[in-house]
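Visitor: Give me a 3D structure for the following:
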Amino acid sequence: MADKSPPALRASAPTAALLASAFVVATCGLIYELLASTLASYLLGDSVTQFSTVIGAYLFAMGIGSWVSRYVRGNELRLFVRIELLIAVIGGCSAAALFMLFPMIAHFRVALYAIVLAIGFFVGLEIPLLMRILKGYDFREVVSSVLTFDYVGALAASLLFPLILMPYLGMIRTGFLFGILNAAIALALLLVLPRGTRMLFEKAASVLVLAFLIAGFVASERLQRWAEVASYQEPVVYAESSRFQRIVLTRRGDDLRLYLNGNLQFSSRDEYRYHEALVHPALGRVARPANVLILGGGDGLAAREVLRHPEVRRITLVDLDPSMTRLFQRTPMLAALNQGSLTNPRLTVINADGFRWAREAQGRYDAIIVDFPDPVDFSVGKLYTESFYRELGRLLAPEGMAVIQSTSPLVAPKSFWTISTTLEAAGLRTRAYHAYVPSFGEWGFTLAAHRPIPEAAAIPNGRFLTPQIASRLFDFPPDMARRPTPVNRLDNQALVREFADEWARYEG
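Guide: Model prediction:
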């Protein structure tokens, strides 16, 4: 009796092209998902929320696409190729489109999730179509092969994105690159599969889409700059996507501004107010601040102020991003702003994650300057937790003094005082103060020490800070006065939620 079971998958060019398409579909789909999540966290903050909602929306849309595939009747290859080209265009242009739409539309999330849902829907529709195209072969082997290539593609995307694509290509160029891959696999199917030779419209469309996406890839940096020109009020003079963040410098007249992931870090017109207030009240309360640690502060501006104290013999600066420290070491106008602090022989730069570095570090420091960004997401929020402050206390000498930049006590009073509460839960004494910085408004800082914090301090005369002004920084009016707040721990990250809520109410 003849064996009527379906044939096994044969090693042929058409079969290889179809299985390769499963790999490309999975890889590209996950890359687009990661791009949308990362871009949303850059622009909207709160990375956990953005990644969770984008991934959830994408998987939901995939499910809808898979369900809709049951209503497709015939011409599976034609539809598969057309969907592949749609994904190439939507996904390939997604990062560029979202960057340019962000400053132009009020309801940015609508555009974000519309793109995510569209890509998820079409990717969900593709996998069942691919299995039906291979329906002439053994079903068990088809399912196992397609899903194997699908999962391997997902692994490739998850490794490529953080290790290679983001550091070396950036988001916009990565989007176009994977759009090109989608369009290329569509064209390859048309050239290899016997049925594809008759699809002249799809072939022409594939060539046009490929040409469009290659042009987008070539013009990626220009598109990024157009988006940033629309986002910032000042002309962009430098922009770079590092492995960790988007670094943008703008300049109008004598006002040079640094933005990280769209958030203002300083204006050269008034940064001295912030950095004098950050550094001198702490160092001025240490008898001999010979050994100083700076956490964050990759622009070298806090180090500039530390170097004004002649007792300082050694400074260790720990900043996550080598692109930042290189930029402020090697660019003449930036090195002039920090007065060459990052190349001073007394200073050692270490590029490392501050949380991990503090847990592994040994020794004691007479003064510790903590100049981290605001706790806009959980990755930064961990640097404001009780666990981190216990490590800070371990590194702080018995007679030493630490200071932490602590956001605005006027805009975000609960967030501001949460830092004091958390430092005290870690066993440190605290004393909070504030200063007015025109670019930011009222800004807050917190001193921390093992001992009672003295009233007197040796404050050098600066452009803003004097001994008389320094003594008044510790007075808080009722609208910024201390209030009950929770301890910020790794397992609750209460500060990140408080910060997001308070600034959202202020910004309207």
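Visitor: ok, now which ones touch Lys382?
Guide: 355, 388, 490, 493 (Cβ atoms under 8 Å, 6 or more residues apart in numbering). C-beta: built from backbone N, CA, C; applies to glycine.
Visitor: go with 10 Å
Guide: Shown in contact with Lys382 (Cβ atoms under 10 Å, 6 or more residues apart in numbering): 353-356, 375, 388, 488-490, 493, 495-496.
Visitor: sec struct for it, please.
Guide: At Lys382 the chain is in helix, as set by DSSP: H, G, I helix; E, B strand; the rest coil.
Visitor: which SS class is the nearest residue to Phe499 once chain neighbours are set aside?
Guide: Of all residues not flanking Phe499 in the chain, Ser415 sits nearest, at 4.4 Å (Cβ to Cβ, 6 or more residues apart in numbering). With three-state DSSP as the basis, Ser415 sits in helix.
Visitor: for Phe476, same thing?
Guide: coil.
Visitor: quick revisit: can you say which of the contacts of Lys382 are buried?
Guide: 354-355, 375, 388, 488, 493, 495-496 (16 or more other Cβ atoms under 10 Å).
Visitor: which residue ranges form the strands in the stretch 151-300 of the chain?
Guide: Applying DSSP state E, counting those that start in this stretch to the stretch 151-300 of the chain gives strands spanning 236-241, 246-252, 255-260, 263-267, 291-296.
Visitor: With mean neighbour count, distance to Gly340 and mean pLDDT added, can I get the ones you listed in JSON lines?
Guide: Shown next, in JSON lines, are those (neighbours: other Cβ atoms under 10 Å; distance: least, Cβ to Cβ, whole Å; pLDDT from 0 to 100):
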{"stretch": "strand 236-241", "mean neighbour count": "17", "distance to Gly340": "19", "mean pLDDT": "81"}
{"stretch": "strand 246-252", "mean neighbour count": "19", "distance to Gly340": "18", "mean pLDDT": "87"}
{"stretch": "strand 255-260", "mean neighbour count": "20", "distance to Gly340": "16", "mean pLDDT": "91"}
{"stretch": "strand 263-267", "mean neighbour count": "18", "distance to Gly340": "17", "mean pLDDT": "89"}
{"stretch": "strand 291-296", "mean neighbour count": "24", "distance to Gly340": "16", "mean pLDDT": "97"}
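Visitor: Go through those and name the closest to Ala435.
Guide: Ranking the strands of the stretch 151-300 of the chain by proximity to Ala435 (Cβ to Cβ) places strand 263-267 first, at 13.8 Å.
Visitor: Direction included, what does the closest one pair against?
Guide: strand 255-260 (antiparallel) (DSSP bridges).
Visitor: follow-up on the earlier one: would you check that the residue nearest to Phe499 makes contact with Tyr384?
Guide: Yes. Here Ser415 reaches Tyr384: they are 9.1 Å apart, a contact under Cβ atoms under 10 Å.
Visitor: Now do the shared contacts for these two.
Guide: Counting by Cβ under 10 Å, 6+ apart, the residues touching both Ser415 and Tyr384 are 374-375, 406-407, 488, 494-496, 499.
Visitor: so can I have CSV of the buried ones among the contacts of Lys382 showing distance to Gln265?
Guide: Formatted as CSV, the buried ones among the contacts of Lys382 follow (distance: Cβ to Cβ, whole Å):
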residue, distance to Gln265
Gly354, 16
Phe355, 20
Pro375, 15
Phe388, 21
Asn488, 22
Gln493, 22
Leu495, 19
Val496, 19
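Visitor: Sort out which one of those lies nearest Glu84 for me.
Guide: Taking Cβ to Cβ as the measure, Glu84 lies nearest Val496 of these, at 39.4 Å.
Visitor: Pull the residues that contact whatever helix or strand that closest one lives in.
Guide: For Val496, the host element (DSSP states H and E) is helix 494-507. Identification of contacts with helix 494-507 by Cβ under 10 Å, 6+ apart yields 44-49, 374-382, 384-385, 407-408, 410-419, 421-422, 441, 485-489, 493.
Visitor: could I get it in CSV with only the CA atoms?
Guide: In CSV, the C-alpha atoms belonging to helix 494-507 read as follows (Å, rounded to 0.1, in the frame of the first residue of the first chain):
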residue,chain,number,x,y,z
ALA,A,494,7.9,54.9,45.2
LEU,A,495,10.0,57.9,44.2
VAL,A,496,9.6,57.2,40.5
ARG,A,497,5.8,57.2,40.7
GLU,A,498,5.7,60.3,42.9
PHE,A,499,8.0,62.1,40.6
ALA,A,500,6.0,61.3,37.5
ASP,A,501,2.7,62.3,39.2
GLU,A,502,4.0,65.6,40.6
TRP,A,503,5.7,66.8,37.4
ALA,A,504,2.7,65.7,35.2
ARG,A,505,0.4,67.9,37.3
TYR,A,506,2.8,70.8,37.1
GLU,A,507,3.2,70.5,33.3
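Visitor: Could I get the buried residue list for that helix?
Guide: Of the residues in helix 494-507, 494-500, 502-503 count as buried by neighbour count, 16+ other Cβ under 10 Å.
Visitor: What average pLDDT does the helix ranked longest in the chain get?
Guide: What stands out as the longest helix in the chain, according to DSSP state H, is helix 13-44. For helix 13-44, the mean pLDDT works out to 82.
Visitor: do the same with stretch 145-154
Guide: pLDDT averaged over stretch 145-154 gives 81.
Visitor: Low-confidence stretches in this protein?
Guide: 1-14, 45-47, 136-142, 195-197, 228-231, 507-508 (pLDDT under 70).
Visitor: Domains in it, by residue range?
Guide: According to automatic domain parsing, the chain comprises the domains 13-229, 231-265, 270-507.
Visitor: and Asp270, what does it touch?
Guide: Asp270 touches 255, 436-440, 463-464, counting by Cβ under 10 Å, 6+ apart.
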